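Novice: Got a predicted structure plus its sequence, pasted below:
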Amino acid sequence: MSVDGRKTRQPPSAADQQLVELWLNSLWLEKGLSDNSRASYQRDLWQYALWLNQREHTLLSAGRAQLQSYLHWRLEQQLKSSSTSRLLSCLRGFYRFLLRERYLDEDPTLNLDNPRLARPLPKTLSEAEVERLLATPDARDVLGLRDRAMLELLYASGLRISELVSLQLEQLNTRLGVIRVLGKGDKERLVPVGDEALRWLQSYLKQSRPELVRHEREEALFLSQRGQMMTRQAFWYRIRRYAVEAGIDKPLSPHVLRHAFATHLVNHGADLRVVQMLLGHSDLSTTQIYTHVADQRLQSLHREHHPRG
């Protein structure tokens, strides 16, 4: 199975390529891992395999010593510790697979420590900035109304942009005010929409979508000007344009409204496990970053408003 994505200029040995392909196929079959994730794993393994091939080793012949040398080389190249941590996670999964399939008798990643990471706080927007962003699209225009509905839903539900653009009509229940979301690893969750976002969605469905649809059997909820499912790149481009128009000069990531959704929920006292379920995080530790954002916000407010701050 081929995996889309950027590839290194020179491929590793055919034997190493075959091993990587076997593992990627198993990830697709057993865990339903996305093409983007598998492409990322492929790049990491190919880079390591190339480094080994240049030193007359392969992924099978390399042991703990070669892996430690590679990590030291990455350190000398001043590569980010976050990418090295991701690489180690990838290698652990890969070598566990090789052990399971009896290609190896020993795991070279055993007892290797991850590099220490300074966990970055997610970039987010204030509630006032979100309000300005949401109000920017011209709802009198067909595309403007579509964009307003998408932004409202993104902020109301905390969806990933990829989840938003891939929504199908059948996943939205306007009567109950919920959407059925298919997240990472094909995990399904129900997310409430909220009255305001639901109102904009109903307006879009009544006024804009009939103008955009080109084929009666088209099931995508949000359509492009060509009547096809929106791409995440196209919608992210529009978010950045609206941010400029709204006077928001912060560096924004594709997850900015997802982060704002979670941060504002925690700021207003939402239970962390509820936020975890809404975001579709498999591990609560991933969600706990938003408590740090909330703490930082409280400290800022204290300094600004308390007479002894």
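Specialist: Good, I have the coordinates.
Novice: secondary structure class for the closest residue to residue 246 other than its chain neighbours?
Specialist: The spatial neighbour of residue 246 that comes closest, neighbours along the chain excluded (Cβ to Cβ, 6 or more residues apart in numbering), is residue 132 at 4.2 Å. All C-beta atoms are positioned from the backbone trio N, CA, C, and that covers glycine. Classification of residue 132 into helix, strand or coil gives helix, according to DSSP: H, G, I helix; E, B strand; the rest coil.
Novice: neighbours around residue 132, how many?
Specialist: The local packing count at residue 132 equals 17, with neighbours defined by other Cβ atoms under 10 Å.
Novice: per-residue pLDDT, residue 300?
Specialist: Among the per-residue scores, residue 300 shows a pLDDT of 48.
Novice: quick one: the strands in the stretch 101-250 of the chain?
Specialist: Remark: strands assigned in the stretch 101-250 of the chain by DSSP state E, counting those that start in this stretch are 172-173, 178-182, 188-192.
Novice: Sheet partners, orientation included, of the second one?
Specialist: As defined by DSSP bridges, the strand partners of strand 178-182 come to strand 172-173 (antiparallel), strand 188-192 (antiparallel).
Novice: so where do the helices sit in this structure?
Specialist: Counting by DSSP state H, the chain forms helices over residues 14-31, 35-53, 64-76, 81-100, 127-134, 142-157, 161-165, 195-203, 209-212, 232-245, 256-267, 272-279, 284-287, 289-305, given from the N-terminal end onward.
Novice: rewinding a little: pipe the strands of the stretch 101-250 of the chain into TSV and attach mean neighbour count, distance to residue 200 and mean pLDDT per row.
Specialist: What follows is the strands of the stretch 101-250 of the chain, written out as TSV (neighbours: other Cβ atoms under 10 Å; distance: least, Cβ to Cβ, whole Å; pLDDT from 0 to 100):
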stretch	mean neighbour count	distance to residue 200	mean pLDDT
strand 172-173	16	12	93
strand 178-182	19	14	87
strand 188-192	15	15	83
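Novice: Save these as JSON lines, and put in distance to residue 147 too.
Specialist: Listed next are the strands of the stretch 101-250 of the chain as JSON lines, based on distance: least, Cβ to Cβ, whole Å:
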{"stretch": "strand 172-173", "distance to residue 147": "17"}
{"stretch": "strand 178-182", "distance to residue 147": "18"}
{"stretch": "strand 188-192", "distance to residue 147": "20"}
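Novice: before we move on, the earlier item: for the strands paired with strand 178-182, which one sits closest to residue 105?
Specialist: Closest approach to residue 105 among these (Cβ to Cβ): strand 188-192, 39.2 Å.
Novice: Export the closest one to CSV, keeping only CA atoms.
Specialist: Backbone C-alpha positions of strand 188-192 (Å, rounded to 0.1, in the frame of the first residue of the first chain) are rendered in CSV as follows:
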residue,chain,number,x,y,z
GLU,A,188,-16.8,7.9,16.8
ARG,A,189,-18.1,10.5,19.2
LEU,A,190,-21.3,12.6,19.6
VAL,A,191,-20.7,16.3,20.0
PRO,A,192,-23.4,18.9,20.9
